[in-house]
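Asks: sharing a model that was predicted from the sequence below.
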Amino acid sequence: MRITSPHAHGPMSTPRVMLNVLLATVPGIVVMTHFFGFGTLVNILWGGLVAVACEALALKLRGRPLGFYLKDYSALVTATLLCIALPPYSPWWLIAVGIASAILLAKHLYGGLGYNPFNPAMAGYVILLISFPVQMTAWAPPRGVGELPGLLEALQACFTPAAFDGVTMATPLDVMKQNNSLLVKDLWQQNPQFGRWAGVGWEWANLAFLAGGAWLLYKRIFTWHAPVAMLAALTLMAALFNDGGSSASGGSPLFHLLSGATMFGAFFIVTDPVTSAVSVRGRLVYGAMIGALVYIIRVRGNYPDAVAFAVLIMNFAAPFIDYYTQPRTYGHQRSGGGE
Amino acid sequence: MLADYSILLISAILVNNFVLVQFLGLCPFMGVSNKLETAMGMSMATTFVLTLASACSNLTYHLLLQPLGLEYLKTISFILVIAVVVQFTEMVVRKSSPLLYQVLGVYLPLITTNCAVLGVALLNINKDHNFLQSLFYGFGAAVGFSLVLVLFAAMRERLAVADVPTPFKGAAIGMVTAGLMSLAFMGFAGLV
């Protein structure tokens, strides 16, 4: 196409954006594979297959051109994000149910890419977490704390789960939540899964996702507002209720920043352009509310991590936030919102 | 004391949200959520009526039914109390603020049939709430109802322009959305 001067041409098409996001998850996946074994990789391979099959089925049912939509990689991104969030060594049916709910229910029922009000990966995750809480909270111990299964065992865990005898261990977030008698200092000494700043493995996985996110930010795939607002709100909440590391502490800010799905959520989930608020002020509010909710549900709620719940709740609120944070149209007075 | 009441409020607004967790008041939730403005009007009217009806039915139960030994009449008398409160609200609003009356319009009488209102009144008795607790519980229930109704209305305005497959257009996709929302609200479990 020839484009002459006053027309700017966006170099980023949907497939390019999606490919960049996929690339940016690589450091995180490598670190998770190093610390938790091949489980995550097997999850992603199997999940990706199911996702492409579901996407093709939905496109066929709706009479859309298969090639065009499959080549935008959005199904693969959803599958990768969901499979990173799932515990390694998950059985095949768990992954299949999650991916099918994400792609069919949360995405194509609403009209496909660009129309889904909820982040498909997080919707799939929450559906699984509520339906299969036992499988969804079974995290393997990290390298250095427990034995890591090999590649063959990882495949076995996925496809013949009955024959796989996996070891699971409470995650550091879990231990911190359950604790109400020990000082944080003693908790660190008595539980081998705590590392330098947060959990063994978790801290490096979070840093790797932070690196991937920083690269996406540099490539201008998204703006800084929502992730920074989320991390800032989480830090603030953790600092407010740290309580000097006593037994009532919810954990230090650094612990929360490098635990669970914090960085993964901040840079790969909260930044979803479809399901987040659109305006700049809206994104700040959206991100900050997610950060606050993550802390509240992590520390006070029943579930071990809270990123998926917080994101889903704020997805629900995003259209409302947009309604009240619409920027003023140039040359018009500010109105009450909406008009 | 203060902590007790804030827990009661948080419980009614988020953890045991009347619409998304206890599945009460679904008819106005689905029926009046097509436009944000009407949803706002409905929220305001419901908040007023629910708080007042919750307190009034509590008084009715403790001052009238219990002394007379007529506890088994509570459901039918609460329906009456709610109808009276709604009628009273309508009259007061019409005389004192014709503008608000126009905004609320048909939604005021509709609240009589909102099962969340009767639900709160009966739950107050089941949970042995005193007068002040009933007032707070009713208010919390109303705020929770308003919150999800308004958020849902804003979302449905967006869904109306989405490319939803024909069999799922309208109420069907609304139900799916409400279901996903209900899942998300389960994250609040254990908060209080």
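Replies: Ah, there it is.
Asks: now do the strand or helix carrying residue A:81: which elements does it pack against?
Replies: Using DSSP states H and E, residue A:81 maps to helix A:74-85. Contact here means 3 or more C-beta pairs under 8 Å, 6 or more residues apart in numbering or on different chains; DSSP states H and E; on that basis helix A:74-85 packs against helix A:14-36, helix A:39-61, helix A:92-100, helix A:120-131. Where C-beta positions appear, they are placed from N, C-alpha and C, glycine not excepted.
Asks: okay if I get those as a markdown table plus mean pLDDT?
Replies: Putting the helices and strands packed on helix A:74-85 into a markdown table (pLDDT from 0 to 100) gives the following:
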| stretch | mean pLDDT |
| --- | --- |
| helix A:14-36 | 91 |
| helix A:39-61 | 93 |
| helix A:92-100 | 95 |
| helix A:120-131 | 94 |
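Asks: winner for burial among those helices?
Replies: Mean neighbour count (mean count of other C-beta atoms under 10 Å in any protein chain shown) peaks for helix A:120-131 among these, with a mean of 25.
Asks: any chance of the helices and strands packed on helix A:74-85 in JSON lines, with distance to residue B:177 too?
Replies: Listed next are the helices and strands packed on helix A:74-85 as JSON lines, based on distance: least, C-beta to C-beta, whole Å:
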{"stretch": "helix A:14-36", "distance to residue B:177": "24"}
{"stretch": "helix A:39-61", "distance to residue B:177": "18"}
{"stretch": "helix A:92-100", "distance to residue B:177": "18"}
{"stretch": "helix A:120-131", "distance to residue B:177": "11"}
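Asks: looking at the ones you listed, which is nearest to residue B:114?
Replies: Nearest to residue B:114, of all those, is helix A:120-131, at 27.5 Å by C-beta to C-beta.
Asks: distance from the closest one to the middle of the chain?
Replies: Chain-centre distance of helix A:120-131: 11 Å, with C-alpha atoms, centre = their mean, to the nearest Å.
Asks: and chain B, which residues reach chain A?
Replies: Neighbours of chain A within chain B, by C-beta under 8 Å from any C-beta of the partner chain: B:36, B:150-152, B:154-155, B:157-159, B:162-165, B:168, B:173, B:176-177, B:180-181, B:183-191.
Asks: again, 6 Å this time
Replies: Residues of chain B found near chain A (C-beta under 6 Å from any C-beta of the partner chain) are B:151, B:154-155, B:158, B:162-164, B:168, B:180-181, B:183-184, B:186-187, B:189-191.
Asks: got any ranges where the chain has weak pLDDT?
Replies: Unless you meant another one, I'm taking chain A. A:1-11, A:334-339 (pLDDT under 70).
Asks: ok, the nearest residue to residue A:55 once chain neighbours are set aside - how many residues close by?
Replies: In space, and not counting its chain neighbours, residue A:55 is closest to residue A:75: 3.8 Å by C-beta to C-beta, 6 or more residues apart in numbering or on different chains. For residue A:75, the neighbour count with other C-beta atoms under 10 Å in any protein chain shown is 28.
Asks: how much space between residue A:75 and residue A:176?
Replies: Separation of residue A:75 from residue A:176 (C-beta to C-beta, to the nearest Å) stands at 35 Å.
Asks: what residue in chain A comes nearest to chain B?
Replies: Using C-beta to the nearest C-beta, the closest approach of chain A to chain B is made by residue A:309 at 2.8 Å.
Asks: could you list every residue that touches that residue?
Replies: Applying C-beta atoms under 6 Å, 6 or more residues apart in numbering or on different chains, we find residue A:309 in contact with A:297, B:184, B:187.
Asks: kindly report the same for residue A:174.
Replies: Residue A:174 sits next to residue A:304 when contact means C-beta under 6 Å, 6+ apart.
Asks: next one: the one 5 residues further on
Replies: When the contact criterion is C-beta under 6 Å, 6+ apart, the partners of residue A:179 are residue A:187.
Asks: next secondary structure after the longest helix along chain B?
Replies: Criterion DSSP state H: the longest helix present in chain B is helix B:131-159. Once the chain leaves helix B:131-159, the next helix or strand it forms, by DSSP H and E, is helix B:171-185.
Asks: what does that next one rub up against?
Replies: Under C-beta under 6 Å, 6+ apart, the answer for helix B:171-185 is A:118, A:123, A:126, A:130, A:309, A:312-313, A:316, B:17, B:20-21, B:30, B:159, B:164.
Asks: ok, now with 8 Å
Replies: With contact meaning C-beta atoms under 8 Å, 6 or more residues apart in numbering or on different chains, helix B:171-185 is reached by A:105-106, A:109-110, A:117-118, A:123, A:126-127, A:130, A:309, A:312-313, A:315-316, B:14, B:17, B:19-21, B:23, B:26, B:29-30, B:33, B:148, B:152, B:155-156, B:159, B:162, B:164, B:168.
Asks: residue B:20 reaches residue B:147, doesn't it?
Replies: No: using C-beta atoms under 8 Å, residue B:20 is not in contact with residue B:147, being 9.7 Å away.
Asks: just to revisit the earlier point, quick one: which of the contacts of residue A:309 is nearest residue A:218?
Replies: Nearest to residue A:218 among those, counting by C-beta to C-beta, is residue A:297 at 31.0 Å.
Asks: checking the closest one next. Helix, strand or coil?
Replies: When classified by DSSP: H, G, I helix; E, B strand; the rest coil, residue A:297 comes out as helix.
Asks: tell me who's in contact with the spatially most central residue of chain A.
Replies: The centre of chain A sits closest to residue A:265, judged by C-alpha atoms, centre = their mean, with a distance of 3.9 Å. Residue A:265 sits next to A:230, A:290, A:294, A:307, A:310, A:311 when contact means C-beta under 8 Å, 6+ apart.
Asks: rerun that using 10 Å as the cut-off
Replies: Counting by C-beta atoms under 10 Å, 6 or more residues apart in numbering or on different chains, residue A:265 touches A:81, A:85, A:119, A:122, A:206, A:209, A:227, A:230-231, A:234, A:271, A:290-291, A:294, A:305-308, A:310-311.
Asks: quick check: closest non-adjacent residue to the residue of chain B found nearest chain A.
Replies: Residue nearest to chain A within chain B (C-beta to the nearest C-beta): residue B:187, separated by 2.8 Å. Once flanking residues are discounted, residue B:187 sits nearest to residue A:309: 2.8 Å by C-beta to C-beta, 6+ apart.
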